[in-house]
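Asker: Quick one, fold the following:
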Amino acid sequence: MKINAVFEGGGMKGISLVGAVYVMQQRGFDFHHVAGTSSGGIVASLLAAGYTAEQMKPIIQSTSFASLMKRSAIFNVKFIGSAVRLLLRKGLYSGDALEEWIWNLLRSRGVYTFADLPPNKLKLIASDITNGKLLVLPDDIAYYGIQPSRLEVAKAVRMSASIPYFFDPVTIKDKEFNSRIKGLRLHRRSAYIVDGGLLSNFPLWLFDEKNEPHKAARLPVVGFQMVGKNDTEPRTIRGPVSMFQAMMETMMLAHDQRYIEKDDWERTIKIPTLGIRTTQFHLSPDMSEKLFASGVAAAEKFLKTSR
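Answerer: Take a look at the predicted model:
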């Protein structure tokens, strides 16, 4: 059975999404169009490229996401290093390693740009904080004079997953768009692009009929949402850096909650995330396995109750 799927963002909790996808694929569900924000966008992009959940699980669990948090040694100076980097680069860590990781995974499946995917196969949410605009990629990259089909999928994933203050924003500059594709140029003012969760962390609305009028035959839409966020321990605020991190995480986690709590329960798989935080990059193998199992259990419950 074909379905469209929307995946919520949630940083290190994303392995739980893979557990839910695993059950759906085992039960014969085929993911037609997929969309997501942040870590949900990573899962969606890998699905679009042809990965199965069974293939994704060892890849994600064997990846040291802490190693993707790279910055020059000069910014590791105690007390002032992080603050200086925030001032100069607008993020605690570069997102280059994250982009390179997803780029290599997609390359192994022959996916570089959105032109390598079927039309409308993948949609990712990002936030243009310069212009205060929610972006649905690849379509909305056209606002910057860039052809959507030529946008690199890995670059779009990085845009969607650039947690404010944590990772550097993706900067689209005058006459410069940092891409491996030659010839891309921007002729408008600079714009900073960050995590889509800032504006819509769970874009379940993307595949609603009013947003996809070209679809003749409607397909069921299933949302994959990570819940249990209020079970985490209170955040420790030590200074401006930790305060900004706490503010951004709180803002992103709060988005779309009222919407999903009031509507669309029947088409949403709700996955308990066991108190894991979005930026908890040092997950033990045991906890990662428990998150995956949580996704499995949530999908099985969903299928049982939706019969």
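
Asker: I figured Gly196 hits Asp128, correct?
Answerer: No. Applying C-beta atoms under 8 Å, one finds Gly196 not in contact with Asp128, separated by 10.2 Å. Quick note: C-beta positions are derived from backbone N, CA and C, even for glycine.

Asker: So those two - more neighbours on which side?
Answerer: Between Gly196 and Asp128, Gly196 has the larger neighbour count (other C-beta atoms under 10 Å), namely 31 against 22.

Asker: Ala97: what secondary structure?
Answerer: helix (DSSP: H, G, I helix; E, B strand; the rest coil).

Asker: per-residue pLDDT, it?
Answerer: Note on Ala97: pLDDT of 86.

Asker: Return the residues in contact with the closest residue to Val111 other than its chain neighbours.
Answerer: Spatially, and ignoring its direct neighbours in sequence, Val111 is nearest to Ala49 (4.4 Å; C-beta to C-beta, 6 or more residues apart in numbering). Residues near Ala49 by C-beta atoms under 8 Å, 6 or more residues apart in numbering: 105-106, 109, 111, 117, 153.

Asker: Could you rerun that using 10 Å?
Answerer: 102, 105-111, 116-117, 121-122, 153 (C-beta atoms under 10 Å, 6 or more residues apart in numbering).

Asker: Just send the residues you listed back as a markdown table, with secondary structure, pLDDT and distance to Ser200 too.
Answerer: Shown next, in a markdown table, are those (DSSP: H, G, I helix; E, B strand; the rest coil; pLDDT from 0 to 100; distance: C-beta to C-beta, whole Å):
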| residue | secondary structure | pLDDT | distance to Ser200 |
| --- | --- | --- | --- |
| Ile102 | helix | 95 | 20 |
| Leu105 | helix | 97 | 25 |
| Leu106 | helix | 98 | 23 |
| Arg107 | helix | 97 | 28 |
| Ser108 | coil | 97 | 30 |
| Arg109 | coil | 97 | 27 |
| Gly110 | coil | 97 | 30 |
| Val111 | coil | 98 | 24 |
| Asp116 | helix | 98 | 25 |
| Leu117 | coil | 98 | 21 |
| Lys121 | coil | 96 | 19 |
| Leu122 | strand | 97 | 16 |
| Val153 | helix | 98 | 19 |
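
Asker: can you pick the most crowded of these?
Answerer: Val153 (26 neighbours).

Asker: From Lys304, how far off is that residue?
Answerer: Counting by C-beta to C-beta, to the nearest Å, the separation of Val153 from Lys304 is 34 Å.

Asker: Val136 too?
Answerer: Distance from Val136 to Lys304, counting by C-beta to C-beta: 33 Å.

Asker: Next: Ser62.
Answerer: Distance from Ser62 to Lys304, by C-beta to C-beta: 31 Å.

Asker: just for the stretch 101-250 of the chain, where's the confidence low?
Answerer: For the stretch 101-250 of the chain, the stretches with pLDDT under 70 are 174-189, 209-217, 229-250.
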